[in-house]
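Q: Quick one, fold the following:
(one chain, ligands or ions: 3)
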Amino acid sequence: MVALSLLCLLIVAVAFGIGLRGPMDGLEPALWLPVPLASLLTTVTLIRLSRRGGLPAESRRFWRHLSISCGCVLAGTSVNAYDTLAGGHPPTYLSTIPQIAYGGSVVMNLWAMSRLPLRLVSRGEVVRAGLDGAVVLLAAGAFSWHYVTLPVVQASSFDTAAIITGMITFTMNMVTLFAVGKVALAGRAHLAPRVLPLLTTGLIGGPAIAACQRFLLDKPWLSTAQLSVPFVMTCTLIAGYSQLNADDTVPRRQLSRRLPVWLPYLAIGGVDALLLSCLRDHDPDAMPIAVTAVLLSGLVVLRQQTVFRENDRLVARLDHGATHDILTGLPNRALFTDRLAGTMDAEENPGRRVSVALIDLDDFKTVNDTLGHGVGDALLIAVAGRLTTAVRAEDTVARLGGDEFVVILDDLEPRTAEQIAHRMIGALAEPVVADGHELLVRASIGIADGRAGEDPADLLRRADIAMYAAKHDGGSGVERYTPGMAGTVADTAALGAQLRHAITDRQMFLVYQPIVALDTGRLRGVEALVRWAHPTMGVVPPHQFVPVAERTGLIVPLGDWVLREACEQFAVWHAAHGPSSPGVLNVNVSSRQLRDAGFVDRVLAVLAETGIPPYQLTLEITESTAVSLGEAVAGLDALRRHGVRISLDDFGTGQSTLTLLHELPVDQLKLDRSFTQGTDTSRRDTMPAAVIALAKAVGLDLVAEGVETAEQAERLAHLGYRHAQGYHFARPLPAAEIDTLLASGHAELLSHLP
Ligand code: C2E
Ligand code: CA
Ligand code: CA
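A: Ligands and ions are numbered 1, 2, ... in the order given. Now for the predicted structure:
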């Protein structure tokens with residue numbers, strides 16, 4: 001195709017060359033026939049191109065429009081050739097059909113160019129590109145007018161035909177310039193790399209050749225169209241081929257969406273110079289050029305304005321980014337702190353009541369760990385939306401980080417603030433659909449009330465304490481701060497820091513709760529439970545610091561310490577009491593420990609060093625956290641292969657109990673104390689009975705926890721339970737008391753037998 005097209009061009013060029021020397025005499029067909037042929041070749045190629053799969057839709061549309069444009073040229077040149085060859089008209093004669101066809105071709109061409117999207121993002125960019133284009137076109141127009149159009153018109157002493165021709169040339173120049181500019185700016189993104197220079201060559205070369213008609217006034221047998229059409233067609237055809245053969249249709253170079261920055265300056269400088277030269281020569285054209293220069297200055301001022309406005313918007317967006325959370329769009333901690341400080345400013349709002357509600361999602365970590373961060377993010381966005389709708393428009397809802405949100409409730413009675421907090425819990429109650437998962441969101445809310453003039457940081461800390469209190473009450477509730485809380489639930493940061501020292505300063509100690517055989521009353525084993533002898537707060541129970549240790553990662557060294565300490569104690573009992581010492585040692589481990597690399601090795605090392613056979617150690621994993629184990633299950637498998645036993649703690653309280661049993665390597669279940677103690681008499685046996693049936697079916701060991709009364713012990717024994725643990729038999733005891741127990745032959749426990 002390309003070769004054929006080049007051949008057409010060659011034949012025409014040779015014939016044209018001959019024609020330049022004198023009349024053609026029979027050679028006319030050689031001038032005319034290749035013209036429609038070249039148009040046909042290009043049209044067919046572009047139609048193929050517009051149907052090629054794999055090209056982006058915008059590119060296909062561009063080539064389709066160009067193929068229609070070429071088709072118009074094909075129609076025009078065919079009729080033109082017929083008119084000249086058969087009708088005896090001069091080659092420059094244009095009957096109606098070619099007139100319409102050529103007009104259509106130009107329109108289609110322009111349409112193709114203008115539809116090439118520039119991918120301008122902001123309105124500012126569009127305006128700026130438009131203004132830049134206008135500046136360049138205006139300047140080029142001034143030159144084209146002054147140096148090309150005006151001399152021709154003046155030379156013909158203002159003949160109407162010359163004026164019209166002049167105007168047409170002028171318009172064509174402008175159109176060509178626009179088309180070249182548009183293709184140069186947009187082409188890179190949508191067209192293969194070599195297409196651009198080829199189309200530009202055609203766009204500039206074609207009209208340039210055509211414009212030479214005025215030098216051929218003495219050779220009426222020639223028309224520059226005969227040369228310019230095959231030239232443009234060949235350029236376009238080769239461009240089409242390079243697009244067809246381009247392997248990748250994605251832009252390779254970075255897309256430049258702007259005219260070079262210097263171009264508008266060059267335009268202004270050029271027109272100013274032109275104006276000065278006109279003034280110097282007393283040229284009558286000085287006036288229109290001066291008007292152009294003024295217009296240009298106006299455009300440039302306008303452009304500067306849009307740049308300034310765009311900059312302002314950018315700065316505002318940067319500001320927004322610094323003060324807002326990217327994920328949810330809510331104010332971030334910085335802005336929250338700022339606003340709270342403003343609200344609590346005693347001079348601005350004397351005596352004003354300010355409440356802060358701190359919201360923390362329950363089990364968000366599990367969502368993140370099991371369903372992935374995408375779902376976690378979607379959940380956070382949904383929660384942000386729900387919280388915002390639950391409060392008044394003037395209240396600030398902010399995200400402090402992670403799954404922690406906070407609301408400033410300004411100028412409200414404490415009662416009303418609490419109502420709003422309950423409304424937030426209500427707003428979260430509806431399941432959230434995140435990424436196709438229907439999730440139930442539960443949140444714990446802590447409220448603290450203050451007045452302007454107090455320390456905002458203190459207010460937030462009190463809300464934090466109240467929030468932890470709400471969490472400890474089982475979550476999904478609202479708790480208001482009371483001064484007594486500080487003593488029981490100290491804030492995470494301070495506690496975390498103290499906890500770090502507590503481990504090294506030997507403030508931690510273990511107590512051991514007996515696990516007994518219900519039939520014989522013999523001590524079957526003990527569960528090690530950690531305590532913290534806090535220097536000022538006294539003995540702190542684990543539910544107050546284990547969650548902090550888990551959140552800070554301190555649970556890993558703490559858990560290591562518990563395991564080693566318990567195993568050493570267990571070995572000491574064995575050495576001292578022989579066969580009457582406890583048969584098994586239960587140690588609690590959190591899922592965070594299991595995920596720690598090296599955990600398996602450390603457990604095995606402790607066993608080896610203390611000489612305890614692996615089957616005497618049972619690791620207890622809380623059912624609710626076992627869901628988030630993921631990869632860490634492999635560690636459990638490895639430990640189990642070495643003989644270490646695994647127990648599912650608080651069994652029956654988790655959400656996917658049966659699935660877990662299927663997926664986790666487990667040897668023992670510990671029936672949660674809420675079932676052991678079941679108060680609803682008609683249904684209290686349902687769960688214990690179901691669990692024992694399950695344990696028997698799957699062949700698992702079973703321990704009932706939290707047995708507090710003889711009646712409970714009896715009922716469990718009746719249901720077939722063989723092992724139990726609870727205050728009824730013994731509270732968690734210091735190691736020394738277990739020693740006494742062992743020395744007395746378990747007498748203390750025997751008295752509590754059912
Ligand atoms: P858990 O593993 O379910 O431990 C049993 C808890 O129930 C212990 O509370 C125990 O004192 C209590 N308990 C025992 N019998 C009865 C009873 O008859 N009635 C009632 N109401 N409670 C009873 P404790 O020692 O406060 O431990 C609380 C939780 O802290 C434990 O629950 C365990 O999940 C966690 N924990 C304790 N020590 C450790 C540890 O060393 N590491 C880890 N990761 N967690 C630990
Ligand atoms: Ca336990
Ligand atoms: Ca338990």
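Q: Any stretches of the stretch 351-500 of the chain with poor pLDDT?
A: Where the stretch 351-500 of the chain drops to pLDDT under 70, the residues are 473-475, 484, 486-494.
Q: out of everything not next to it in sequence, what's closest to whichever residue of it sits closest to ligand 2?
A: Nearest residue of the stretch 351-500 of the chain to ligand 2: His472, at 17.1 Å (Cβ to the ion). (C-beta placed from N, C-alpha, C; glycine too.) Nearest non-adjacent residue to His472, counting by Cβ to Cβ, 6 or more residues apart in numbering: His543, 6.1 Å away.
Q: Now for the one you found, which secondary structure element holds it?
A: Using DSSP states H and E, the secondary-structure element containing His543 is helix 542-552.
Q: State the distance from the residue nearest to His472 to Ala549.
A: The gap separating His543 from Ala549 is 11 Å, by Cβ to Cβ, to the nearest Å.
Q: More neighbours: which of the two?
A: When His543 and Ala549 are compared for neighbours, Ala549 comes out ahead with 25 against 10, by other Cβ atoms under 10 Å.
Q: check contacts around the closest residue to that one other than its chain neighbours.
A: Spatially, and ignoring its direct neighbours in sequence, Ala549 is nearest to Ile555 (4.1 Å; Cβ to Cβ, 6+ apart). Counting by Cβ atoms under 8 Å, 6 or more residues apart in numbering, Ile555 touches Val546, Ala549, Ser590, Arg592, Gln593.
Q: and if we set it to 10 Å?
A: Neighbouring residues of Ile555 by Cβ atoms under 10 Å, 6 or more residues apart in numbering: 499, 545-549, 562, 589-593, 596.
Q: the helices in the stretch 601-750 of the chain, which residues?
A: Here the stretch 601-750 of the chain has its helices, by DSSP state H, counting those that start in this stretch, at 623-626, 633-641, 657-663, 673-676, 686-698, 710-719, 735-743, 747-750.
Q: ranking those by mean pLDDT, which is last?
A: Per-stretch mean pLDDT for those is lowest at helix 747-750 (a mean of 60).
Q: just to confirm, which helix or strand has the closest residue to Arg333 other than its chain neighbours in it?
A: Spatial nearest neighbour of Arg333, excluding adjacent residues (Cβ to Cβ, 6+ apart): Leu400 at 5.1 Å. According to DSSP H and E, Leu400 maps onto strand 396-401.
Q: what's the next secondary structure element after that strand?
A: The helix or strand immediately downstream of strand 396-401 is strand 404-410, counting by DSSP H and E.
Q: Starting from that following strand, tell me the next helix or strand along the chain.
A: Once the chain leaves strand 404-410, the next helix or strand it forms, by DSSP H and E, is helix 414-429.
Q: Other residues contacting the helix or strand following that next one?
A: Using DSSP H and E, the helix or strand that follows helix 414-429 in sequence is strand 432-434. Outside of strand 432-434, the residues within contact range by Cβ under 10 Å, 6+ apart are 367, 371, 374-383, 385-386, 438-441.
Q: Show me what counts as buried in strand 432-434.
A: Buried residues in strand 432-434, counted by 16 or more other Cβ atoms under 10 Å: Val432, Ala434.
Q: helices and strands around the helix or strand following that strand, which ones?
A: Next along the chain after strand 432-434, taking DSSP H and E as the criterion, comes strand 437-439. Packing partners of strand 437-439 (3 or more Cβ pairs under 10 Å, 6 or more residues apart in numbering; DSSP states H and E): helix 364-371, helix 373-390, strand 432-434.
Q: So which elements touch the longest one?
A: Taking 3+ Cβ pairs under 10 Å, 6+ apart as contact, the helices and strands that helix 373-390 lies on are strand 353-361, helix 364-371, strand 396-401, strand 404-410, helix 414-429, strand 432-434, strand 437-439, strand 443-451.
Q: Would you mind getting the angle between it and strand 443-451?
A: 40 degrees (axes from the mean of the first three to the mean of the last three Cα atoms, to 10 degrees).
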